[in-house]
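Peer 1: any chance you can model this:
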Amino acid sequence: MRVSVLTLVRGRRAHLERLMHGLAAQTQAPDEFVIAYMEDAAPADLPALPCPVRMVAVPGEPMPLARARNQAMATATGDLLLLLDVDCIPSPTLVESYAKAATTTDGIFLGEVLYLPAGPVALPLDYAALDAAGQRHPAKPVPPAEGIVPEPDHGELWGLSFALSRAAWKRSGGMDEHYVGYGGEETDFAAALAAANVPMFRVGQARAYHQHHPVHVPPYQHFDHIIRNAGLFRAKWGRWCMDYWLGQFAERGLIAMTPDAITVLRHPRADEIAAARQPDDVRFS
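Peer 2: So this is what the prediction gives:
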């Protein structure tokens with residue numbers, strides 16, 4: 001089974017480099033690394049890998065996240081498509097564990113993610129130190145010690161780290177490119193996987209470490225994208241997504257919601273957006 005690791009890039013140069021240092025330390029090297037870059041020029045002078053590195057340009061504003069994932073998938077040549085967020089450093093057994101899982105059954109596989117504190121990650125990578133420093137998101141379960149366990153709720157799809165076969169990707173129809181900017185495209189993809197009867201599993205020994213970036217609560221800086229994409233999801237699936245963020249907007253008087261519609265009452269002010277940025281000791285929303 002050929003394994004393609006894929007990531008999306010806009011900025012985050014240091015994060016990308018550390019992701020690649022993690023790929024270079026894998027117990028099973030990937031067969032290729034695909035970078036879909038959403039910026040003017042391809043990243044250059046990157047760390048060496050024991051596999052080919054392939055680049056695909058994905059221009060557009062707002063950030064075309066769904067289209068970038070689709071183009072990365074189309075560029076990849078592997079049988080197993082492993083998507084890692086650019087913020088994630090893979091543990092040494094990540095590729096091997098996803099590959100082993102995919103030999104037992106077909107489906108979509110979710111690895112564990114630990115959130116790191118603020119500050120650059122030192123090189124060379126010290127995985128014991130990363131394990132000690134990382135925090136599991138409180139809403140996420142403990143993964144199996146090894147192997148796979150079923151995950152019945154497709155809403156648990158987490159775009160930071162997952163893998164699926166090319167056949168499963170095709171059955172789902174890929175990501176809906178009507179979603180642009182921040183929010184909704186992964187939840188839509190999860191719903192498409194469920195509709196296509198692609199089972200979901202959690203995987204042991206596929207840990208990744210999320211490198212810190214600033215957190216905003218609520219994510220006012222993405223207000224317009226969240227409202228737009230939530231409306232697309234409601235029209236397609238008959239229910240709302242991103243309820244947590246929409247609820248925060250409603251509580252603060254920015255929107256009014258009914259089961260069928262969102263009315264924007266006002267937009268967040270610049271001072272509200274600035275105040276929503278959390279201190280650096282906050283790792284996740």
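Peer 1: what residues go with each domain of this protein?
Peer 2: If you go by automatic domain parsing, the domain ranges for the chain are 3-210, 220-275.
Peer 1: which stretches in the stretch 51-200 of the chain count as helices?
Peer 2: All helices of the stretch 51-200 of the chain, identified by DSSP state H, counting those that start in this stretch, fall at 65-75, 94-104, 127-133, 166-172, 185-195.
Peer 1: touching the second one from outside, list them.
Peer 2: So the one you mean is helix 94-104. Contact partners of helix 94-104, identified using CB atoms under 8 Å, 6 or more residues apart in numbering, comprise 1, 3, 5, 22-23, 26-30, 79-80, 82, 109, 111, 146-148, 161, 163, 165, 201, 203-208. (C-beta placed from N, C-alpha, C; glycine too.)
Peer 1: so where's the stretch 1-150 of the chain uncertain?
Peer 2: For the stretch 1-150 of the chain, no stretch is flagged by pLDDT under 70.
Peer 1: okay, the domains of the chain, which one's buried deepest?
Peer 2: When you average the neighbours per residue for each of those (mean count of other CB atoms under 10 Å), domain 3-210 leads with a mean of 18.
Peer 1: returning to that earlier point: can you put the helices of the stretch 51-200 of the chain in CSV and add distance to residue 276?
Peer 2: Listed next are the helices of the stretch 51-200 of the chain as CSV, based on distance: least, CB to CB, whole Å:
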stretch, distance to residue 276
helix 65-75, 21
helix 94-104, 32
helix 127-133, 25
helix 166-172, 33
helix 185-195, 22
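Peer 1: in its sheet, what does the helix or strand where residue 6 lies sit against?
Peer 2: Assigned by DSSP states H and E, residue 6 belongs to strand 3-9. In the sheet, strand 3-9 lines up against strand 32-37 (parallel), strand 80-84 (parallel) (DSSP bridges).
Peer 1: so which of the helices of the stretch 51-200 of the chain is nearest residue 248?
Peer 2: Smallest distance to residue 248 across the helices of the stretch 51-200 of the chain (CB to CB): 16.6 Å, for helix 185-195.
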